[in-house]
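Asker: Show me how the following folds:
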Amino acid sequence: MAPVDDVRRLEPGRAEVAAKGRGGEPGTGRKVARGGMAKQRNAALTSPRPKGPKVHQYLLGRPRAATASGQSASTEMGGAAVASLAATRRRSTLPVSSLLHRAARGLHEATAAAEEDKARTRRRRSSSTRLLGPDISDTWDPAPRAAAREPPPRSSAVDCESTATIIDGKSIAEDIRLQISEEVRQMKNAVGHVPGLAVVLVGDRKDSQSYVRFKVKGCEEVGIKSLLAELPGNCTEDEVVDSVSRFNEDPSVHGVLVQLPLPQHMDEEKILNAISLDKDVDGFHPLNVGNLALRSRKPLFVSCAAKACLELLLQSGIDLMGKHVTIIGRSKVVGLPTSLLLQRHHATVSVIHAFTSNPEEITRESDIVISAAGVANLVRGSWLKQGAVVIDVGTNPVEDPASDYGYRLTGDVCFEEAVTVASAITPVPGGVGPVTIAMLLANTLDSAKRVYGLSDPTP
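Answerer: Sure, this is the predicted structure:
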C-alpha cells in the first residue's frame with residue numbers, strides 16, 4: 001500500500017483510479033466489498049489531513065455536501081478543504097498578525113521615544129553652558145576690605161627693617177634691550193631689513209596712550225621700526241579689523257598688537273582673532289595659548305607679561321621646580337599664560353580670583369606670589385609667609401597731591417608691609433613693566449627671524 005502522503009499528492013483523476021483499484025465505486029466514494037478498515041483507509045486517502053486545532057474546528061463547523069459533478073464527493077471535498085484551509089489561514093492569522101504587529105510597533109515606538117528622551121537629556125547635559133561655567137568678570141573691590149587697602153604711611157623705619165632683595169626690573173630690561181639691539185643690527189647687515197611692530201590704539205585713555213608711548217620708545221632704542229594706527233573711541237569694529245588686516249598684509253610688519261582695553265561696545269575676541277597668528281606678538285591668539293597649555297607643543301609667541309614674570313624669577317636665580325606658586329588674577333594677559341608657563345617649569349600652581357573664599361590662607365602657604373589683580377594694596381604683609389618671593393604686576397594710579405602728575409603708580413602688593421616679610425620683591429614702577437616691554441621687542445625680533453630664515457627662535 002502506498003503511503004498516505006504519496007496518495008494525497010496524486011491528481012484528482014489518479015486519486016479516483018486508486019480508489020477504484022481498492023474496491024471503491026467511481027463517483028460515489030462508497031465501498032463495495034470491504035470492511036470498516038477499508039472505509040478508514042479510503043477516508044484517509046480522500047480527506048485532507050487536519051493541521052492544527054483551528055483547521056480541525058473549521059472542518060467540524062462545515063458539514064460535507066454531495067455534488068453532482070463527475071468527480072467523487074470525497075475528492076471534491078478534499079479540494080474544497082484545501083481551498084478553505086488557505087482562506088481560513090488568511091482570515092484567522094491576519095487579525096492576530098495585525099495585532100502582534102501593532103503591539104510590536106507600539107513597543108518599538110515607546111522604546112524609541114524613551115531612548116530619544118534619554119539622548120535629548122544627554123545632549124542637554126553635554127552642550128550646557130554649565131560645563132564651561134558662567135561668564136562673570138572678576139571684581140576685586142568688595143566693600144568690607146576697601147578700608148584695609150589704604151597703604152600705611154611711608155617712613156624711614158620701614159627701610160631700616162627691610163630684609164627683602166629688590167628685584168631691579170630696569171637693569172634686567174636694559175640688558176635684554178642691548179642684546180636685541182645687537183641682533184637687529186646684525187639682521188640689517190645680513191638681509192637689509194629690520195623688524196617692524198605695528199600698534200592699533202583705539203580711544204583716548206591716558207594709561208593706554210602712556211603704554212603705547214613706552215612701546216614706541218622701546219622700538220626706537222633698539223632699531224625696530226614702529227607703526228601706529230590711532231582710531232577714535234566711537235569707531236566701529238570693522239574699522240579696527242581693517243587696520244589690523246592692513247598690517248597683516250604688510251611684509252615689513254612682523255608684529256601686530258591691539259592696545260587693551262578696547263571700548264565696551266567692541267568685541268575684543270573678534271578683533272584679537274583678526275591678528276595673523278604669525279604676527280601675534282602679544283601671544284593672545286587661541287592657537288598660541290593652546291600650544292602653551294600642551295607641554296609637547298611650542299607656541300609661536302608667549303604673553304609678554306608672563307615671559308617678564310618668568311624672566312625676573314630666572315634672572316634672580318630663583319628655583320621654580322616643585323615650588324608652590326600662587327597667582328592672583330586669571331586674565332588672559334597675565335594670570336592664565338603665567339600659570340601655564342610655570343607648569344612647564346614644574347611648579348605647583350594655585351590661582352586666586354575674586355571668588356576665592358580664603359586668599360590669605362593660600363598665599364601664606366606659597367613660596368612665590370605673583371599678583372596681577374589690578375587692585376592697589378590688595379596683598380598685605382599678613383598675606384605672605386616669611387621669606388616668600390613677590391612679583392607685583394599691578395600698576396594702579398593712586399591720587400598723590402605731592403606728585404607732579406597728581407597721582408603715583410602703586411602695585412597690588414602693599415610694598416611697605418611686604419618688604420619686611422618677603423625675601424625678594426619687585427617694585428612698582430621699575431619692576432615688571434620695563435621687562436614686559438623688552439619681551440615685546442624680543443617677540444617682534446623672533447618673528448622677523450622666522451620670516452627671513454635667520455634662525456628658528458623659541459618663545
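Asker: Tell me where the stretch 351-459 of the chain is predicted with low confidence.
Answerer: 456-459 (pLDDT under 70).
Asker: cool, the chain as well?
Answerer: 1-97, 118-162, 456-459.
Asker: quick one, strands of it?
Answerer: 165-166, 196-202, 225-231, 255-258, 324-328, 348-352, 368-371, 389-392, 396-399, 407-410, 424-425 (DSSP state E).
Asker: Let me have those in JSON lines, extended by distance to residue 112 and mean neighbour count.
Answerer: Using the backbone N, CA and C atoms, a C-beta is placed for each residue, glycine as well. Formatted as JSON lines, the strands of the chain follow (distance: least, C-beta to C-beta, whole Å; neighbours: other C-beta atoms under 10 Å):
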{"stretch": "strand 165-166", "distance to residue 112": "71", "mean neighbour count": "14"}
{"stretch": "strand 196-202", "distance to residue 112": "55", "mean neighbour count": "24"}
{"stretch": "strand 225-231", "distance to residue 112": "57", "mean neighbour count": "17"}
{"stretch": "strand 255-258", "distance to residue 112": "52", "mean neighbour count": "27"}
{"stretch": "strand 324-328", "distance to residue 112": "51", "mean neighbour count": "25"}
{"stretch": "strand 348-352", "distance to residue 112": "46", "mean neighbour count": "18"}
{"stretch": "strand 368-371", "distance to residue 112": "56", "mean neighbour count": "28"}
{"stretch": "strand 389-392", "distance to residue 112": "60", "mean neighbour count": "26"}
{"stretch": "strand 396-399", "distance to residue 112": "61", "mean neighbour count": "14"}
{"stretch": "strand 407-410", "distance to residue 112": "66", "mean neighbour count": "16"}
{"stretch": "strand 424-425", "distance to residue 112": "67", "mean neighbour count": "23"}
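Asker: Would you map the helices across the stretch 101-250 of the chain?
Answerer: 143-146, 156-161, 169-191, 206-222, 237-249 (DSSP state H, counting those that start in this stretch).
Asker: can you put these in TSV and add mean neighbour count and distance to residue 289?
Answerer: Listed next are these as TSV, based on neighbours: other C-beta atoms under 10 Å; distance: least, C-beta to C-beta, whole Å:
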stretch	mean neighbour count	distance to residue 289
helix 143-146	9	31
helix 156-161	10	40
helix 169-191	16	23
helix 206-222	16	21
helix 237-249	17	18
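Asker: and of those, who's closest to residue 101?
Answerer: The closest of those to residue 101 is helix 237-249. By C-beta to C-beta, the value is 61.0 Å.
Asker: So for residue 116, which of the helices of the stretch 101-250 of the chain sits nearest?
Answerer: helix 237-249 (41.4 Å).
Asker: who does that closest one touch, helix- and strand-wise?
Answerer: Where contact means 3 or more C-beta pairs under 8 Å, 6 or more residues apart in numbering; DSSP states H and E, helix 237-249 is packed against strand 196-202, strand 225-231, strand 255-258, helix 268-273.
Asker: related to what we said a few turns ago, output the helices of the stretch 101-250 of the chain in TSV, with distance to residue 267 appended to each entry.
Answerer: Output for the helices of the stretch 101-250 of the chain, formatted as TSV (distance: least, C-beta to C-beta, whole Å):
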stretch	distance to residue 267
helix 143-146	32
helix 156-161	46
helix 169-191	33
helix 206-222	18
helix 237-249	6
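Asker: Which among the ones you listed is found nearest to residue 106?
Answerer: Nearest of the helices of the stretch 101-250 of the chain to residue 106, taken as C-beta to C-beta: helix 237-249 at 55.9 Å.
Asker: C-alpha coordinates for that closest one, CSV please?
Answerer: The C-alpha coordinates for helix 237-249 follow below in CSV (Å, rounded to 0.1, in the frame of the first residue of the first chain):
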residue,chain,number,x,y,z
GLU,A,237,34.7,97.1,15.0
ASP,A,238,35.1,96.8,11.2
GLU,A,239,37.4,99.9,11.1
VAL,A,240,39.6,98.3,13.8
VAL,A,241,39.7,95.0,11.9
ASP,A,242,40.5,96.8,8.7
SER,A,243,43.5,98.4,10.4
VAL,A,244,44.7,95.0,11.7
SER,A,245,44.2,93.5,8.2
ARG,A,246,46.4,96.1,6.6
PHE,A,247,49.2,95.4,9.0
ASN,A,248,48.7,91.6,8.5
GLU,A,249,49.3,92.1,4.8
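Asker: Next, the angle from that helix to strand 225-231.
Answerer: Going by axes from the mean of the first three to the mean of the last three C-alpha atoms, to 10 degrees, helix 237-249 is angled at 170 degrees with respect to strand 225-231.
Asker: Would you quantify the distance from residue 292 to residue 318?
Answerer: Look at residue 292 and residue 318: by C-beta to C-beta, to the nearest Å, they are 21 Å apart.
Asker: of those two, who's got more company?
Answerer: Counting neighbours by other C-beta atoms under 10 Å for residue 292 and for residue 318 shows that residue 292 has the greater number, 24 against 16.
Asker: was I right about the more buried one contacting residue 301?
Answerer: No. In this structure, residue 292 is not within contact of residue 301 by C-beta atoms under 8 Å, at 9.2 Å.
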